[in-house]
Structure formats: structure tokens, C-alpha cells
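Student: No letters, just coordinates:
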């Protein structure tokens, strides 16, 4: 994959983002490529699907995994019109592609009125300093799910 | 909502997590409560649904939003058996509940073999220092989706 390929697929993600705005959605698009072939495209569907998790990258990741019949995106490249927010960046790490390419960054997103930068800031703060009331309530049962998990011999790790 | 209510719902999230391990899934559970009523329950379905985004909190948020017919979880409380990973924490910020309560933390998750801590670390690093090859490819078209978005008068903000 050379730089011209990267530019080609990134322009496509940007075109998807623009098309989505014209259709009443948010200004974000993503494309997932494997072996030079597009295997999934995503646009932001938060308001149209009443789903705050339906960002372009999440939509594309779910579609690509369905297509590959796998919960990993091994050897895939994710192209996004904008730097992924923490939710999408987290999803990308869990999906384990080989590369991420994006055009605009989180400051551009903030300038357009999106909370990406706020969430990036919050994630680094101690719980007590966050805008969202966050309580780590440590009860006796807290570790039981992990103990059970670690004692399982036939589990599928991910 | 007093501390006993919090403990009650948190124990339920933990029970869901344990039940999920017994059913072959990951050791995570989440419950979403509005006005003292449970409106959604989620468990980790990554491997069973081939969906790396199907963490307990994401599953519960999508279900709760569908139920409320809204892309926001106004006045809701999210109870999770474990501290949300960056993906889920991002989703929670986008859903805008009033409170988050969790039992185990990200270090407990790491001890059980989950990547939460790695992703928390990566998210704070400059692109060039991350394990995932990350490229901000700034091309002429990069800001066009945001320009189009900001010029739209009838958009639904989120």
C-alpha cells in the first residue's frame, strides 16, 4: 500500500462524510481495506438510528467483521475522514487492524462542535475531576467475574 | 438513588458478567437504570457475535437508546461490572447519562488478560509512539466535511 493508495481511500472516506451531511447525518466517513479491496464503508448514523455508538468507524468495523466472519480485522487498514474519538479509537484497538489513516484531527472536530477533545481530556482525569459523576464502588463480589473467567479452561480469548 | 440502590444494581451487573462466562462469553456485564427501573442489560458478545465493539456497556447503551427512542441517555445511570475500556467510556460520554458506577477497575481487567490498560496508555501517546501504525494524512479535502456541516442550517446536532 503506497501513499497514493492511502490518499485514494482517504478521499473516499471524505466523500462518504460529505454525502452523509447531505443526507442529514454527521460529517464523518470511514472505509476499511484488506489486500487493496474495500470490505466495508461506514458513515455516522447516530441521529438517524438513535444510536450514540453508530460513529462511522464503529459502523464500518462491525460491517467488516461480519463480512470476514471474525472479531479481528487482521491485515486491514482503516481510513477515516477524521481522527477517531476515544470510543472509535478503542474499537480500532480491539479490532486490531494493521494501520489507521485519518485526515482531519480531533481539534478540527472540536472546532466543528464535536466533543472528541472533551472526551480525550476527561479520560485522563482522576474520576473525581470528571464532568460525569464516576464512582468506583468496590464491593466484595467485584473480582468474581474475572476469577471465574481465569478458572475456565475452554474460554475463547479475544 | 442511594448507596444501597447502587450496590443492588452493581451486584446485578456482576451476576450478568458471571452468567456470561458460564455461557462462554467474556466476564463483563452492565445494567442501565432510569428512574429506579432497569431499562437495559448487556453482556460481552465479542466472540459469540463476531463483533469487537459488542462490549457489555455498548450492548446495553444501544438497547437502552432503542427503548427510549433517543440517542441520549438523559437521567440514566450506567452500572458496569468493570471500569469501562476507552471504547465504552467514550460511548458513555456520547450517550450522556447522569452517572457511571463500576466495581472492578482497569488494572483488574489487565490482570485477567484484557487490553484495557494498554489502550488507556496508547490513547495518550503521540501517533508515532503508538503500537498501531497511525498516520494523520492531511490532504486538501480534509476539512470539507466539517465545512459542509457548519454551512447546513437544518442539521440535527448530537
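Tutor: Received the coordinates, thanks. Predicted model, so just to flag it, every value in this text is computed and none were measured.

Student: CA only for contacts and neighbour counts going forward, please
Tutor: OK.

Student: if I look at the residue nearest to residue A:104 when sequence neighbours are not counted, how far off is residue A:18?
Tutor: Leaving aside its sequence neighbours, residue A:104 sits nearest to residue A:82 (Cα to Cα, 6 or more residues apart in numbering or on different chains; 4.4 Å). Counting by Cα to Cα, to the nearest Å, the separation of residue A:82 from residue A:18 is 12 Å.

Student: Nearest to chain B within chain A, name that residue for me.
Tutor: residue A:87 (3.7 Å; Cα to the nearest Cα).

Student: Now the helix or strand where that residue lies: buried residues?
Tutor: Using DSSP states H and E, residue A:87 falls within helix A:86-95. The neighbour-count check on helix A:86-95 (16 or more other Cα atoms under 10 Å in any protein chain shown) flags A:86-95 as buried.

Student: Among residue A:82 and residue A:18, which residue is more densely surrounded?
Tutor: When neighbours are counted by other Cα atoms under 10 Å in any protein chain shown, residue A:82 and residue A:18 differ, and residue A:82 comes out ahead with 32 against 24.

Student: following the longest helix along chain A, which helix or strand shows up next?
Tutor: The residue-count maximum for a helix in chain A (DSSP state H) belongs to helix A:3-22. Per DSSP H and E, the first helix or strand lying C-terminal to helix A:3-22 is strand A:29-34.

Student: what inclination does that next one have with respect to helix A:3-22?
Tutor: If you take axes from the mean of the first three to the mean of the last three Cα atoms, to 10 degrees, strand A:29-34 sits at 140 degrees to helix A:3-22.

Student: Could you list the low-pLDDT ranges of chain A?
Tutor: Where chain A drops to pLDDT under 70, the residues are A:1.

Student: which stretches of chain A form strands?
Tutor: Using DSSP state E, the strands of chain A run over residues A:29-34, A:37-43, A:76-82, A:99-104, A:133-136.

Student: Put together CSV for the ones you listed, with distance to residue A:52 on each row.
Tutor: Below are these laid out as CSV (distance: least, Cα to Cα, whole Å):
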stretch, distance to residue A:52
strand A:29-34, 15
strand A:37-43, 13
strand A:76-82, 17
strand A:99-104, 21
strand A:133-136, 19
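
Student: tell me the contacts of residue A:45?
Tutor: Residue A:45 makes contact with A:25-26, A:51, A:54-56, according to Cα atoms under 8 Å, 6 or more residues apart in numbering or on different chains.

Student: now, which of the residues you listed lie close to chain B?
Tutor: A:25-26, A:51 (Cα under 8 Å from any Cα of the partner chain).

Student: Select from those residues the one having the most neighbours.
Tutor: Ranking the ones next to chain B among the contacts of residue A:45 using other Cα under 10 Å puts residue A:26 first, with 28 neighbours.

Student: ok now do it, which residues does it touch?
Tutor: Residue A:26 makes contacts with A:17, A:20, A:43-46, B:149, as judged by Cα under 8 Å, 6+ apart.

Student: and which of the residues you listed is nearest residue B:37?
Tutor: residue A:46 (24.7 Å; Cα to Cα).

Student: thought the closest one was touching residue A:58?
Tutor: No - the pair residue A:46 / residue A:58 is not scored as a contact, 10.9 Å apart, by Cα atoms under 8 Å.

Student: neighbouring contacts of stretch A:11-24?
Tutor: Residues contacting stretch A:11-24 (Cα under 8 Å, 6+ apart): A:26-31, A:41-44, A:79-81, B:141-142, B:144-145, B:148-149, B:155-156.

Student: Narrow those residues to those that are buried.
Tutor: The buried subset of the contacts of stretch A:11-24 (16+ other Cα under 10 Å) comprises A:26-31, A:41-44, A:79-81, B:142, B:144-145, B:149.

Student: how near is residue A:92 to residue A:86?
Tutor: 10 Å.

Student: Over to residue A:94?
Tutor: Residue A:94 is 12 Å from residue A:86, by Cα to Cα.

Student: ok, now how distant is residue A:157 from residue A:112?
Tutor: Distance of residue A:157 to residue A:112, computed by Cα to Cα: 39 Å.

Student: Mind listing what's buried along stretch A:108-122?
Tutor: Those would be A:108-109, A:112, A:114-117, A:119-120, A:122, for stretch A:108-122 by 16+ other Cα under 10 Å.

Student: Can you sort out which of those also neighbour chain B?
Tutor: Applying Cα under 8 Å from any Cα to these, those adjacent to chain B are A:108-109, A:112, A:115, A:119.

Student: Just list the residues touching the residue nearest the centre of chain A, thanks.
Tutor: Using Cα atoms, centre = their mean, the residue of chain A that lies closest to the mean C-alpha position is residue A:88, 2.0 Å off. Residues near residue A:88 by Cα under 8 Å, 6+ apart: A:55, A:57-58, B:87, B:90.

Student: let's go with 10 Å and repeat that
Tutor: Contact analysis of residue A:88 by Cα atoms under 10 Å, 6 or more residues apart in numbering or on different chains lists A:53-59, A:61, A:94, B:53, B:86-88, B:90-91.

Student: Alright, calling it a day.
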